[in-house]
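[1] 3D, please:
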Amino acid sequence: MPNFPALTHVAITVSDLDVSTAWYQKLFDAQPVLDEDEESGNFHHTVFALGGGTLFGLHTHTTNSGGTHPFSELNVGLDHIAFACTQSELEDWVARLDEAGIEHSGIKHAHYGSGISFRDPDNIALEFFAPPAG
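    This is a model prediction of the structure:
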C-alpha cells in the first residue's frame, strides 16, 4: 500500500466571489491561475497556486441550497485551514497581516506548535502554523 498522499487542493464556497478574490489576492500576494465557470455549469471557481503545488479554490454555485449563513467552526464540517510555515517566519506573517489590515490573534504558542489565527470575509477560520522549533 502506498503512503497516504498529500492534499492537492482546498476549495471553499464564498458568498461574494469578487470580495473574496480581492481579499485572497492580498493575502497570497498573487493573481489567480484559473478563473472560470466549471464545465458542468454548476459552479464558478477562482483558483490560486500556493507553494508546494497546493491549489486553493474559491467557489460560487449556481444553486445555493445551503443559504448564506456565516461560517462557524462549531458546525459539523470544516474547522479551519492552516498554512505551513516555520517558527522563524511567524513574525513575518504577523507583519504581512498587519500591512494588509487583516485582524489576527498574534502568535499563540502550544506544546505542539505555534500559530496565528485569522478569518476571511466569510468568517472562515484560517491559520499560519509552525511546528515546534528543534
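[2] hey, let's count contacts and neighbours off CA atoms from now on
    Noted.
[3] Mind checking what helix or strand follows the lowest-mean-pLDDT helix or strand in the chain in sequence?
    Across the helices and strands of the chain, mean confidence by mean pLDDT, DSSP states H and E is lowest for strand 34-37: a mean of 91. Next along the chain after strand 34-37, taking DSSP states H and E as the criterion, comes strand 43-49.
[4] so after that following strand, what's the next helix or strand?
    Following strand 43-49 toward the C-terminus (DSSP H and E): strand 55-61.
[5] name the helices or strands packed onto that next one?
    Packed against strand 55-61 by the contact rule (3 or more Cα pairs under 8 Å, 6 or more residues apart in numbering; DSSP states H and E) you find strand 9-13, helix 17-28, strand 43-49.
[6] wait, which of the ones you listed is closest to Glu91?
    Closest approach to Glu91 among these is made by helix 17-28 (15.2 Å; Cα to Cα).
[7] tell me the mean pLDDT over the closest one?
    In this model, helix 17-28 has a mean pLDDT of 96.
[8] ok and that helix relative to strand 55-61, angle-wise?
    Using axes from the mean of the first three to the mean of the last three Cα atoms, to 10 degrees, one finds that helix 17-28 and strand 55-61 are set 170 degrees apart in direction.
[9] Tell me which residues are up against helix 17-28.
    Among residues not part of helix 17-28, those counted as contacts by Cα atoms under 8 Å, 6 or more residues apart in numbering are Val14, Gln31, Pro32, Thr46, Leu50, Leu58, His59, Thr60, Leu97, Ala100, Asp120, Pro121.
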